[in-house]
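Novice: Fold the stuff below for me.
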Amino acid sequence: MAGKVIGKGPLRGYLLEEVLAWLLRSSGFEVLTVDDDKDKEPWKVLKEDKNGLLVRGRGAWHQVDALGQFRYVPPFSLPVRLFVEAKYLTTTPVGLPTVRNGHGVIHDVNEGETTTLTAPGTGRPRTRYRYSYAIFSTSGFSPEAQDYALATRYP
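Specialist: Residues are numbered from 1 along each chain as shown. As a prediction, this is how the structure comes out:
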């Protein structure tokens, strides 16, 4: 039986994602999978494809390296979910396009609402979440990416 051999680059990225998932768990988050979304279509917000876990936004589905949900809901707030983006780069720092993309993704998923009900007055509204986004990089961030993150209050 011939198996696929994974290259050094993808393996490094996978290992970084696993370390970040461990970090989420040890920081009070539950790492989510597609099985954690118990809703049925059209209310589902998580699905899986060949690239991994996807989260529904207002305009598109977005791939996430790891998705954590904080175990406790802050009073008078929504449940908190954290997008984690892992960037294993050896020489080049993460640039402005990656940070700008994260900013767009977070706005899209926080504005995404599925309000369709099967019958008026029945059932409950879909649970909403407050998403945040974090990028972890092995090679740092460019000055432009840092400036943009600070200007947009990006965590």
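Novice: what's the host helix or strand of His107 packed up against?
Specialist: According to DSSP states H and E, His107 maps onto helix 96-111. If contacts are counted by 3 or more C-beta pairs under 8 Å, 6 or more residues apart in numbering; DSSP states H and E, helix 96-111 sits against strand 61-64, strand 80-87, strand 130-137, helix 143-151. For the C-beta atoms, the positions are set from N, CA and C on the backbone; glycine is no exception.
Novice: got the buried residues for the last one?
Specialist: In other words, helix 143-151. Neighbour counts using 16 or more other C-beta atoms under 10 Å place Ala145, Gln146, Tyr148, Ala149 of helix 143-151 among the buried residues.
Novice: Could you identify the most distant pair in these?
Specialist: Gln146 and Tyr148 (7.4 Å; C-beta to C-beta).
Novice: and the lengthiest helix in the chain with strand 80-87, angle?
Specialist: Among the segments of the chain that qualify as a helix by DSSP state H, the longest is helix 8-26. Interaxial angle of helix 8-26 relative to strand 80-87 (axes from the mean of the first three to the mean of the last three C-alpha atoms, to 10 degrees): 160 degrees.
Novice: circling back: how about the buried residues of helix 143-151 in JSON lines, adding distance to Asp35?
Specialist: Output for the buried residues of helix 143-151, formatted as JSON lines (distance: C-beta to C-beta, whole Å):
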{"residue": "Ala145", "distance to Asp35": "34"}
{"residue": "Gln146", "distance to Asp35": "37"}
{"residue": "Tyr148", "distance to Asp35": "35"}
{"residue": "Ala149", "distance to Asp35": "32"}
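Novice: Dump those into JSON lines; add pLDDT and distance to Glu85 as well.
Specialist: Formatted as JSON lines, the buried residues of helix 143-151 follow (pLDDT from 0 to 100; distance: C-beta to C-beta, whole Å):
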{"residue": "Ala145", "pLDDT": "96", "distance to Glu85": "12"}
{"residue": "Gln146", "pLDDT": "95", "distance to Glu85": "15"}
{"residue": "Tyr148", "pLDDT": "96", "distance to Glu85": "15"}
{"residue": "Ala149", "pLDDT": "93", "distance to Glu85": "12"}
